[in-house]
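Enquirer: Below are the sequence and a predicted model; questions follow.
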Amino acid sequence: MFSPTSMIKYKKTNKKGTTMCKETISTFELLNKFPDHTTARKFIEQKRWGNGVQCPVCQSSKITSRRGHRESQFFCRQCSKDFSVRTGTVFACSQIPLLFKMSVALHGKTAQESTVLIDTTVQEKNITYPTDAKLAIKIINRLNKLAKHHAIKQRRTYVKEVKNCRLAIRHFRHVKKRAKAKKALTRLRTIANKLIRELQRKLPTHLVFETYQKDFLFYQQVLAQKPKDKNKIYSLHEPNVYVLAKGKDHKQYEYGNKVSIVSTKDSNIIVGVVSHDKNIHDSKTLECAIAHGNSNRDRQKPIKQAVCDRGYVGAKEVLGAQIILPKKALKKDNRYQRDKKRKLCKRRAAIEPIIGHLKSDFRLSRNLLKGNIGDEINVLMAACPFINLRNF
Ligand SMILES: [Zn+2]
């Protein structure tokens, strides 16, 4: 199998049999050897396939090479899939997970501790505090903009009335304003639905069914949602965001996504981060968190122990790792075992400041990147410099 290390010549020198890098090339030589992308690509193609290109999916050699601007692409005639030299290697797709893996590998043996600490936190999305009125007004504005874009003459745009409704909804929690606010909100929803119907009538048919049908259905779903509904939409441009109530005094609800952090017990190196696109219970997050931790470490040294907080109640053993929670001592445990567990649980608190630093110094507190992929990228990019810049 192709691996990036084969680009550098490795030699066994130590008596112990460990590999050490003896022959390397300087940056100057490297730039001379690879002046542009094409030479680098050709070099890797030569290294990987030699003269016969093979499909990474079905290992067939019935390959068509693309030409022109798609020169680096290949097409397999047997399984009809497109691929390039990077497909199936660590260079494929985004390199951010690879960067993370490398920054863990920088620490060598210290990152291979068998005991890890795991905790979850919230990564807040960059959205306004969601209220029904705000969402309704945003929908109205979008619909008016759409009508203007297609030069459709509307009966009314309701600009003035929306303004008055907005004023009526101010201080909607106050007892004396409550009835008025409720009425105004209903009116806003009615206006939005009216505008949708008008656009559906007046827009050219192909536009309604091909381009905007999805948007209109989405808007109607947002307008119809009730306070106690499940899987609500909190933002028009970030529909994947969910609400997390962690029971904090100063921040009752947070809007974003849940993130698991896995760090080693003594050296405090983050070996795994996972962003969850659904609001699942903490104990259900352990499997992917530990899997990600294992994937970034030495394959021979999987995680053996994971220390978590009481939120993870119910988990006992995940992927061969024993889960340790702070709880009443078991009767079967003797003094020594009890003390050992207690000590581990004391050490668990070390992950809290890690999360704090990730949030305040490495931009985990607010995620500006779009969509579920944005969540993943943001948490990886926060963790990479955190483990890289530490004094190792
Ligand atoms: Zn194939």
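Expert: Thanks, I have the structure now.
Enquirer: Distance of the residue of the stretch 201-350 of the chain found nearest the ion relative to A289?
Expert: The nearest approach of the stretch 201-350 of the chain to the ion comes at S295, 25.8 Å away (CB to the ion). Any C-beta I mention is one placed from the backbone N, CA and C, and that applies to glycine too. Remark: distance between S295 and A289 (CB to CB, to the nearest Å) = 11 Å.
Enquirer: Just want to know which of the two has more residues nearby.
Expert: Counted by other CB atoms under 10 Å, S295 and A289 do not tie: A289 has more neighbours, with 29 against 13.
Enquirer: quick one: the strands in this structure?
Expert: Counting by DSSP state E, the chain has strands at residues 9-12, 19-23, 63-65, 74-76, 82-83, 115-125, 242-244, 254-264, 270-276, 305-307, 317-318, 321-324, 366-367.
Enquirer: What is the burial count for the residue of the stretch 101-250 of the chain at minimum distance from the ion?
Expert: Nearest residue of the stretch 101-250 of the chain to the ion: K101, at 27.3 Å (CB to the ion). For K101, the neighbour count with other CB under 10 Å is 17.
Enquirer: Then K258?
Expert: Considering only other CB under 10 Å, K258 is surrounded by 23 other residues.
Enquirer: same check, this time on K145
Expert: A total of 9 residues lie near K145 under the criterion other CB under 10 Å.
Enquirer: any idea how far D215 is from it?
Expert: Distance, K145 to D215, by CB to CB: 12 Å.
Enquirer: returning to what we had before: I'd guessed the residue of the stretch 101-250 of the chain closest to the ion sits against N296; true?
Expert: Yes - judged on CB atoms under 8 Å, K101 makes contact with N296 at a distance of 5.0 Å.
Enquirer: which residues does the residue lying closest to K81 once chain neighbours are set aside contact?
Expert: With sequence-adjacent residues excluded and distances taken as CB to CB, 6 or more residues apart in numbering, K81 is closest to V57, at 5.3 Å. Listed by CB atoms under 8 Å, 6 or more residues apart in numbering, the contact set of V57 reads 76, 79, 81, 83.
Enquirer: Pull the contacting residues for the nearest residue to L143 once chain neighbours are set aside.
Expert: With sequence-adjacent residues excluded and distances taken as CB to CB, 6+ apart, L143 is closest to L195, at 4.3 Å. Neighbour list for L195: 140, 143-144, 147, 154, 158 [criterion: CB under 8 Å, 6+ apart].
Enquirer: give me every residue that touches the closest residue to R189 other than its chain neighbours.
Expert: In this structure, R189 finds its nearest non-sequential neighbour in L223, 5.0 Å apart by CB to CB, 6+ apart. If you count contacts by CB under 8 Å, 6+ apart, L223 has them with 135-136, 139, 189, 192-193.
Enquirer: With adjacent residues omitted, what lies nearest to R86?
Expert: With CB to CB, 6+ apart as the criterion, R86 has its nearest non-adjacent residue at 4.8 Å, and that residue is A92.
Enquirer: quick one: that neighbour and K246, what's the gap?
Expert: 36 Å.
Enquirer: next one: V116
Expert: Using CB to CB, V116 is found at 22 Å from K246.
Enquirer: Compare these two (neighbour count), which wins?
Expert: Shown here are V116 and K246; by other CB under 10 Å, V116 has more neighbours (27 against 13).
Enquirer: From I196, how far off is that one?
Expert: Taking CB to CB, one finds V116 at 51 Å from I196.
Enquirer: try I44
Expert: Distance of I44 to I196, computed by CB to CB: 52 Å.
Enquirer: Nice, that's everything, thank you.
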